[in-house]
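K.L.:
Predicted coordinates and the sequence they were generated for:
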Amino acid sequence: MSQGSQSRSLLTHGIPVRSRPRRGRRITVTLAYFVVPLIVIAAVWQLFAVANPSPFFPPPLAIGENLWALLFAAQGGFTPVFYEDFVATIWRMVLGFTLGVVWGVVIGTIMGLSRIARGIVNPIVEFLRSIPATATLPLFIMLLDGGDGMRVAFIAYGVSWFVVVNTASGVGSIHNTLLDLGRVFRVSRTRRLFMIILPAAMPKIFAGVRIASTAALLLAIVSEFMLATNGIGYLLIQAQSRFRMLDMWSWMLALAILGLIINFLVDLVESSTLSWHRLSRSRT
């Protein structure tokens, strides 16, 4: 088979020619734009810290080595700090983020589908979300004590507003043609919700989820600043109050790495879930 016929065969079956090289090149360029500036900043910081030693700004290599020693045991495996603090923060963040996203999608869908519900709930949503979530932490402590349940509820409350607003906007902006199509084919309301409405609103929902994922990490750390006995936020504030600058910078590095991993995972889920949306936009 000739090269021309092979290309036509690929195009006929909907597989664009050179898609893999282009995708690989795009990933390489993205990594280069992301990694190269970080390497440059770290190198400049290292040189400056070595030339001008300061207890407040330790070298990046020392910070990385200290973080490794805090999380990983010398004989292999993990340290107690990894299980009791690092994993504890991740668990609170993931649970609060999940509850907040579910709650936000439910409330936002109700607001998007019903004008009456939107008229009743929207003023309450706008009023509550205008209050910074971090300012409500003392209220959560008074109502729910200072345990893990309080921290999870606090995280869920803070992240839910991003999902509520974006879900309501996505559901409310669905074209009536899609809804009429479901009615014409006599699709049940439940199937219409999960097969037409939510998939159509998914791009805007994921926009809120992406912001909420970053906010979840922030709120998890803030919740551990008060009445906590473990967690990254607790260790961070302890290191700062005792002037253990190397430990403080190490936990800040851990948060940066954790944030990058969260963004990568959200982007991975979004790319696989909304592949149809990107394909439709590229064809328009």
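P.N.:
Structure's in. What do you need?
K.L.:
which ones are touching the most centrally placed residue in the chain?
P.N.:
With distances taken as Cα atoms, centre = their mean, S213 lies nearest the centre of the chain, 2.4 Å away. With contacts taken as Cβ atoms under 8 Å, 6 or more residues apart in numbering, S213 has the following neighbours: F97, V159, I262, N263, V266. C-betas here are computed from N, CA, C, even on glycine.
K.L.:
burial measure for G172, as a count.
P.N.:
Burial of G172, expressed as a neighbour count using other Cβ atoms under 10 Å, amounts to 17.
K.L.:
Now the closest residue to it other than its chain neighbours: which helix or strand?
P.N.:
Taking Cβ to Cβ, 6 or more residues apart in numbering as the measure, G172 lies nearest to G112, with 4.0 Å between them; neighbours along the chain are not counted. G112 belongs to helix 87-113 when assigned by DSSP states H and E.
K.L.:
packing partners for that helix?
P.N.:
For helix 87-113, the helices and strands in contact under the criterion 3 or more Cβ pairs under 8 Å, 6 or more residues apart in numbering; DSSP states H and E are helix 115-129, helix 148-172, helix 198-223.
K.L.:
tell me what the helix or strand just after the shortest one is packed against?
P.N.:
What it means is helix 115-129. Proceeding C-terminally, helix 115-129 gives way to helix 137-144 as the next helix or strand, assigned by DSSP H and E. Counting contacts by 3+ Cβ pairs under 8 Å, 6+ apart, helix 137-144 packs against helix 148-172.
K.L.:
After the helix it packs on, which helix or strand is next? Please name it.
P.N.:
Next helix or strand after helix 148-172 toward the C-terminus (DSSP H and E): helix 176-184.
K.L.:
mind saving the C-alpha coords of that following helix as PDB?
P.N.:
What follows is helix 176-184 as a C-alpha-only set of coordinates in PDB (Å, rounded to 0.1, in the frame of the first residue of the first chain):
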ATOM      1  CA  ASN A 176     -32.800  24.600  24.800                       C
ATOM      2  CA  THR A 177     -32.300  22.500  21.700                       C
ATOM      3  CA  LEU A 178     -30.500  19.800  23.800                       C
ATOM      4  CA  LEU A 179     -33.300  19.800  26.400                       C
ATOM      5  CA  ASP A 180     -36.000  19.700  23.700                       C
ATOM      6  CA  LEU A 181     -34.200  16.800  22.000                       C
ATOM      7  CA  GLY A 182     -34.400  14.800  25.200                       C
ATOM      8  CA  ARG A 183     -38.100  15.500  25.600                       C
ATOM      9  CA  VAL A 184     -38.800  14.600  21.900                       C
END
